[in-house]
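Visitor: Pasting the sequence and the predicted model now:
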Amino acid sequence: MKFFESYKIEEGITCIKGLTGELMYLIEGKDRAILLDTGLGVGNIKEYVEQLTSLPYIVILSHGHLDHAGGASLFESVYINQNDVSLLHNHSDIAGRKAYLESVLGEGFVPEDAYVTFKEIEYLPIKEGDVIDLGGLTVEVIEAPGHTQGSLCFLIKEKRILFTGDACNNFTFLFLPESLPVEDYGHTIKKLLARDEEYDRVLVSHVNHELPKSVIRDVYECCIDIMEGNVDDIPFNFMGHGAAYIAKKIDPEKGKRADGRVGNIVYRKDNIFSTKGYGY
């Protein structure tokens with residue numbers, strides 16, 4: 001069974017797609033490489049990556065969710081924001097990963113022995129401002145809490161590319177139990193906007209690898225609209241997580257925002273305003 005497929009985005013960056021459309025990235029410099037995320041933990045991503053590169057590499061997780069950290073146990077160590085280690089543990093069981101995959105692809109699609117068995121490994125810390133030198137390419141870590149408390153983005157200045165993972169995309173989930181309030185998340189996106197002149201491209205972690213750069217501003221303005229009540233509030237259900245709402249109406253034929261913009265947010269009405277007294 002074919003668990004992964006890959007294609008080169010440009011020199012030094014390869015996108016790897018898993019069964020449910022989750023995207024991982026192999027970033028290669030002259031001296032070493034990074035595997036960004038390990039997918040759902042179905043199939044052996046370690047063996048697959050080692051067919052793509054002969055460089056020594058490290059593994060970094062954008063966050064702790066099962067569809068991005070499920071294959072982590074195949075490695076001796078991974079880098080992860082320490083705020084998401086407990087989330088990784090909570091999402092590590094095979095039953096949860098199986099339920100997620102079946103919600104996307106249907107029952108019986110994958111044999112039981114294809115699932116990676118969880119084991120404890122070394123969770124190395126990674127934080128805001130860390131810079132990894134790959135030789136000719138540097139990857140800067142940007143903390144981006146919201147989708148989860150430990151979500152990370154990554155900036156390659158030499159290529160003017162920002163990887164946002166699930167931290168900011170065209171359908172950002174903020175309704176999960178581990179998601180921060182919309183107002184807190186807005187401050188995260190404001191930080192990405194402040195660095196707007198450093199990147200031209202935005203790469204994400206699901207289905208299609210690239211979104212227009214305008215997704216960052218769209219999501220920020222969507223945060224403001226939610227706080228001000230300027231929303232369409234389309235009901236959304238996902239794996240029994242309770243009442244959630246899509247902030248901006250989707251065109252069902254195009255699968256995009258009906259108003260032509262890119263960024264959207266799915267949120268809970270009890271998780272809008274911060275307790276930190278920011279003011280927006």
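Guide: Cool, the structure landed. Bear in mind that the values here come from a model prediction, so they are computed numbers and not experimental data.
Visitor: Let me see the contact set for residue 154.
Guide: The neighbourhood of residue 154, defined by Cβ atoms under 8 Å, 6 or more residues apart in numbering, consists of 36, 60, 62, 139-142, 162-163, 165. For glycine as for every other residue, the C-beta is placed from the backbone atoms N, C-alpha and C.
Visitor: mind checking the SS state of it?
Guide: For residue 154, the secondary structure call by DSSP: H, G, I helix; E, B strand; the rest coil comes out as strand.
Visitor: Please tell me how far it sits from residue 139.
Guide: Here the criterion is Cβ to Cβ, to the nearest Å. By it, residue 154 lies 5 Å from residue 139.
Visitor: Residue 69 now?
Guide: Distance, residue 69 to residue 139, by Cβ to Cβ: 18 Å.
Visitor: More neighbours: the two, which one.
Guide: Neighbour comparison, residue 69 and residue 139: the larger count goes to residue 69, with 27 against 21 (by other Cβ atoms under 10 Å).
Visitor: Report whether the expected contact of the more buried one with residue 38 is present.
Guide: Yes - the pair residue 69 and residue 38 passes the contact test of Cβ atoms under 8 Å, sitting 6.1 Å apart.
Visitor: tell me, what's touching these two both at once?
Guide: Listed contacts common to residue 69 and residue 38 are 61, 78; contacts here mean Cβ under 8 Å, 6+ apart.
Visitor: Tell me, how many residues neighbour residue 166?
Guide: Counted with other Cβ under 10 Å, the burial measure for residue 166 works out to 23 neighbours.
Visitor: next one: phi and psi at the closest residue to residue 91 other than its chain neighbours?
Guide: Once its chain neighbours are removed from consideration, residue 91 has its nearest residue in residue 66; the separation is 3.8 Å (Cβ to Cβ, 6 or more residues apart in numbering). Summarising the backbone geometry of residue 66 under the convention degrees, to the nearest 10, its torsions are phi -60, psi -30.
Visitor: again with residue 218
Guide: On the backbone of residue 218 - angles per degrees, to the nearest 10 - the values are phi -60, psi -40.
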